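Trainee: What follows is a predicted structure for the sequence shown.
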Amino acid sequence: MTMAPIAVEDLEILLPEKDIQAEVKALAGRVASAYEGRPLLLVGVLKGAWVFLADLVRHIPFNVDVDFIKVSSYGNATDSSGEVKFEMDFSHSIQGKDVLIVEDIVDSGLTLKYLKKNLLTRKPASVRVCALLDKPERHQTDVEIDYRGFEIPDRFVVGYGLDCAGFFRNLPSVAALTPEQSSALVQARR
Ligand code: IMP
């Protein structure tokens with residue numbers, strides 16, 4: 001195990017745990033009322049969305065199916081290049097299903113755009129998007145987020161499933177890193 005070269009106390013907490021939990025519960029309420037009585041497939045985008053999906057699903061009071069996909073975008077630690085590759089595909093067909101993509105964060109929006117386009121070719125009944133965090137200032141394309149949690153400024157964030165070079169995924173809050181902190185984490189991983 002590599003220790004993070006930055007103490008949790010030195011992080012700037014942007015969203016405390018209790019605010020995140022309240023928002024996740026509210027989002028789950030909106031999703032539940034929209035899909036009540038219809039079979040719903042929640043699709044977590046790995047790795048970042050697993051913590052969010054795990055909390056979200058426990059506030060939905062009816063049976064839902066869950067699947068995971070993994071995509072990677074080419075680029076450096078903090079910027080995506082817009083080229084997206086499927087690393088792990090669905091375990092079952094999504095044809096005819098109501099699909100809700102569960103994303104941790106929308107940054108440029110390029111991953112989401114690619115994903116939606118790709119999923120629609122598989123003939124689902126519907127595809128909607130639920131994202132906990134959104135950085136509108138960073139969008140490079142039109143992105144439609146049906147269920148959106150927090151709008152955040154143009155900062156690189158970690159915690160609640162999100163990492164920088166593998167660090168701080170297990171932080172229960174969301175913290176913003178300075179560029180120096182991001183570089184220190186990337187260096188520590190080398
Ligand atoms: P996009 O394609 O630029 O919207 O990037 C989406 C993906 O980039 C997310 O699913 C995250 O994995 C990653 N990402 C974007 N911004 C951040 C951040 O601030 N912290 C951690 N990961 C991020």
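Mentor: Received it, and whenever you're ready, just let me know what you need.
Trainee: for the ligand, what are the nearby residues on the protein?
Mentor: With Cβ under 6 Å from any ligand atom as the criterion, the chain meets the ligand at residues 48, 73, 80, 103-112, 156-157, 162. C-beta coordinates here come from the backbone N, C-alpha and C atoms, glycine included.
Trainee: Which single one of these is nearest to Leu42?
Mentor: Glu103 (11.3 Å; Cβ to Cβ).
Trainee: tell me, how many neighbours does the closest one end up with?
Mentor: For Glu103, the tally of surrounding residues (other Cβ atoms under 10 Å) stands at 25.
Trainee: Give me the nearest residue to it, chain neighbours excluded.
Mentor: Ala131 (4.2 Å; Cβ to Cβ, 6 or more residues apart in numbering).
Trainee: just so I have it, where are all the helices in the protein?
Mentor: Under the criterion DSSP state H, the chain contains helices at 17-35, 50-57, 110-120, 179-189.
Trainee: taking those helices together, which one is wrapped up most tightly?
Mentor: Neighbour counts (mean count of other Cβ atoms under 10 Å) averaged over each of the helices of the chain peak at helix 50-57, with a mean of 20.
Trainee: how big is the angle separating it from helix 17-35?
Mentor: If you take axes from the mean of the first three to the mean of the last three Cα atoms, to 10 degrees, helix 50-57 sits at 60 degrees to helix 17-35.
Trainee: Tell me which residues are up against helix 50-57.
Mentor: The contact list for helix 50-57 (Cβ atoms under 8 Å, 6 or more residues apart in numbering) reads 21, 24, 27-28, 31, 42, 44, 64, 66, 68, 102, 104, 130, 132, 160-161, 169.
Trainee: residue contacts, the residue nearest to Val66 when sequence neighbours are not counted?
Mentor: Distances taken as Cβ to Cβ, 6+ apart put Leu42 closest to Val66, at 5.1 Å, once the chain neighbours are dropped. Contacts for Leu42 were tallied using Cβ under 8 Å, 6+ apart; they are Leu53, Leu56, Val57, Val64, Asp65, Val66, Asp67, Leu100, Val102.
Trainee: No further questions, thank you.
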